[in-house]
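Participant: got a structure for you, letters missing:
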């Protein structure tokens, strides 16, 4: 639990992390609703998906810093397995995003009322998406040996995925081929889950979206959990 | 290679999904197969029987997505790559039971099995080559260790030869010249006493002493003549090497007492000089080669410098051998290391070789550095 506690403290130490974990999510919860035009949730809850991805990215940076600074080598010399190090770090990030999701959905219910469909299930969907975002950031950073390249490309890819996945505009207004391309992004399935909740379709549609996000999480974790030593 | 093939398979399946019904169930199957493929890449000892899990997933999704039958190419590949072709038998049974045989499907399954078999052979060859490389590397380390031992034994035998030669010289001087000089000394003492007493035998004693001294000198001359080597050694050998090197003019300078340099150190310095002259002539400029031998209280330092080629950019390397990667320089480094010294090469400004070797004996007071 030492690593978990340290990861929690380290994640809330940086001003940028505090901004993305506390300030921005609260701000997006107060963004107004737009009726029609394909928006299934208040606009802020679409943007919130991107906030989650950036928050996951900022938190995963500490693992990258550990790799680059040699802390991972020192940890390797300690009686702590790499699995435990990774699991406790990811659990810390997941716990922080869990709280953030609960706060944002709670605020959404207070601000937007019935415009937030099935708050608990929406919270579950956002939590699944948070796990996917953490795993995605971890996998992406493990592909690059240089910190600046990894951070620069990840920021860009988050923006692209957000646009493609329906965080900036409703998926329904996108052309068919773009919707097909969007379906290979976790963002699409987050919005698909929200859409299933908003439109009240069959429950398997919501469950399928969660399953796809969790499968993405497993795939990204397998890629990102390599013990890469720079 | 296996990773690339699996990635290609997943991409082709994704293309099928993209072109076809665009159903979520197909994406779930692709993600499942991708997870298994990543796990096989991530954990090299992933069990081969897990190819059955892939096949079970394909069967489960076959009813929802008919193109899932093409996904069976992935377990067919993995079964062949794992050297367990019987794991691919259910693939054939599934395709036959589903009645999905077609030319593209047969081509995909055959191609996958052949690719898996080729990957298996290739991996075995790579493993064999790696084992050979490891064995060669181990042999080379052993040989280098043996070479170091031989060099150390060479130094020890040189020291033993030096001590044995000293003992022989001492024995010769004692047995021959020593006896004559002792007899001459006694004759001179007798001459002194006889002369004081006015004895006529005094002159005879003086003559005897003179004869003994003459014989002693003759023995000394013969001993020295026997000790003088026919081949130039030490400083003489250095001067000889410089004199015989006619490719470039050589300026040879000596500082300090070279008599303090033991034989085994000369045996390292001489090949250093030869190698440096050869490298300088081959890779560096056309000017004079400066050779300096400095004998300090604790070390002896040999420096050989040749300027850069005319027109060469400052700092430009002058050749692979001069960078210190040549076999000759590597051997020199090992020999210098065996006597506790070092050889360094600088190719940034022409060619410069510096060899520093320790001297074992303590310095005499007059030779101490200021």
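Facilitator: Cool, the structure landed. What you are looking at is a predicted structure, and each value in this text was computed from that prediction instead of being measured.

Participant: nearest spatial neighbour of the closest residue to chain B within chain A, skipping sequence neighbours?
Facilitator: Using CB to the nearest CB, the closest approach of chain A to chain B is made by residue A:215 at 4.0 Å. Every C-beta, even on glycine, is put in place using the N, C-alpha and C of the backbone. Distances taken as CB to CB, 6 or more residues apart in numbering or on different chains place residue B:31 nearest to residue A:215, at 4.0 Å, with adjacent residues excluded.

Participant: which one's the longest helix in chain B?
Facilitator: helix B:103-172 (DSSP state H).

Participant: From the chain's centroid, how far away is it?
Facilitator: Chain-centre distance of helix B:103-172: 12 Å, with CA atoms, centre = their mean, to the nearest Å.

Participant: Report all helices and strands that that helix contacts.
Facilitator: Judged by 3 or more CB pairs under 8 Å, 6 or more residues apart in numbering or on different chains; DSSP states H and E, the packing partners of helix B:103-172 are helix B:2-19, helix B:73-81, helix B:89-98, helix B:202-227, helix B:263-283, helix B:327-338.

Participant: Which residues does stretch A:159-166 contact?
Facilitator: Stretch A:159-166 has contacts (CB atoms under 8 Å, 6 or more residues apart in numbering or on different chains) with A:46, A:49-50, A:53, A:168-169, A:171, A:174, A:178, A:181-182, A:185-188, A:190-191.

Participant: Any of those residues buried? List them.
Facilitator: Neighbour-count burial (16 or more other CB atoms under 10 Å in any protein chain shown) applied to these gives A:46, A:49-50, A:53, A:171, A:174, A:182, A:185-188, A:190-191.

Participant: Could you look up the SS state of residue B:287?
Facilitator: Counting by DSSP: H, G, I helix; E, B strand; the rest coil, the backbone at residue B:287 sits in coil.

Participant: Count the residues that sit near it.
Facilitator: Per other CB atoms under 10 Å in any protein chain shown, the neighbour tally for residue B:287 reads 16.

Participant: ok, back up a step: now, the most widely separated pair of the buried ones among the contacts of stretch A:159-166?
Facilitator: Maximum pairwise distance among the buried ones among the contacts of stretch A:159-166 (CB to CB): 18.9 Å, between A:53 and A:174.

Participant: Quick one: name the residues of chain B near chain A.
Facilitator: Taking CB under 8 Å from any CB of the partner chain as the measure of proximity, chain B contacts chain A at B:14, B:18, B:22, B:24-25, B:27-28, B:31-32, B:34-35, B:38-39, B:42.

Participant: Just the buried residues from the residues you listed, in ChimeraX please.
Facilitator: To isolate the buried ones among those in ChimeraX, judged by 16+ other CB under 10 Å, type:
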select /B:24,25,27,28,31,32,34,35,38
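
Participant: need the contact list for the residue of chain A closest to chain B.
Facilitator: Counting by CB under 8 Å, 6+ apart, residue A:215 has contacts B:28, B:31, B:32, B:35.

Participant: Need the pLDDT of it.
Facilitator: For residue A:215, the model assigns a pLDDT of 94.

Participant: Which of the three states applies to it?
Facilitator: Once three-state DSSP is applied, residue A:215 turns out helix.

Participant: Out of the contacts of stretch A:159-166, which sit inside helices?
Facilitator: Within these, residues falling in helices by DSSP H are A:46, A:49, A:50, A:53, A:178, A:181, A:182, A:186, A:187, A:188, A:190, A:191.

Participant: Distance to residue B:327 and pLDDT for those residues - can I get that in a markdown table?
Facilitator: Converted to a markdown table, these look like this (distance: CB to CB, whole Å; pLDDT from 0 to 100):
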| residue | distance to residue B:327 | pLDDT |
| --- | --- | --- |
| A:46 | 68 | 85 |
| A:49 | 63 | 89 |
| A:50 | 61 | 90 |
| A:53 | 57 | 91 |
| A:178 | 63 | 83 |
| A:181 | 58 | 83 |
| A:182 | 61 | 86 |
| A:186 | 57 | 91 |
| A:187 | 60 | 92 |
| A:188 | 62 | 90 |
| A:190 | 63 | 91 |
| A:191 | 66 | 89 |
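
Participant: Can you tell me which of those residues are also in contact with chain B?
Facilitator: The subset of the ones in helices among the contacts of stretch A:159-166 within reach of chain B, by CB under 8 Å from any CB, is residue A:181.

Participant: Return the member of the ones in helices among the contacts of stretch A:159-166 nearest to residue B:253.
Facilitator: For these, the residue nearest residue B:253 by CB to CB is residue A:53; the value is 72.0 Å.

Participant: Contact partners for that closest one?
Facilitator: Contacts of residue A:53 (CB under 8 Å, 6+ apart): A:133, A:136, A:137, A:158, A:161, A:162, A:187.

Participant: what's the answer for residue B:180, then?
Facilitator: By CB under 8 Å, 6+ apart, residue B:180 lies in contact with B:212, B:213, B:215, B:216, B:219.

Participant: With chain A as the reference, measure out to the nearest residue to it once chain neighbours are set aside.
Facilitator: Distances taken as CB to CB, 6+ apart place residue B:216 nearest to residue B:180, at 3.5 Å, with adjacent residues excluded. To chain A, residue B:216 is 75 Å away according to CB to the nearest CB, to the nearest Å.
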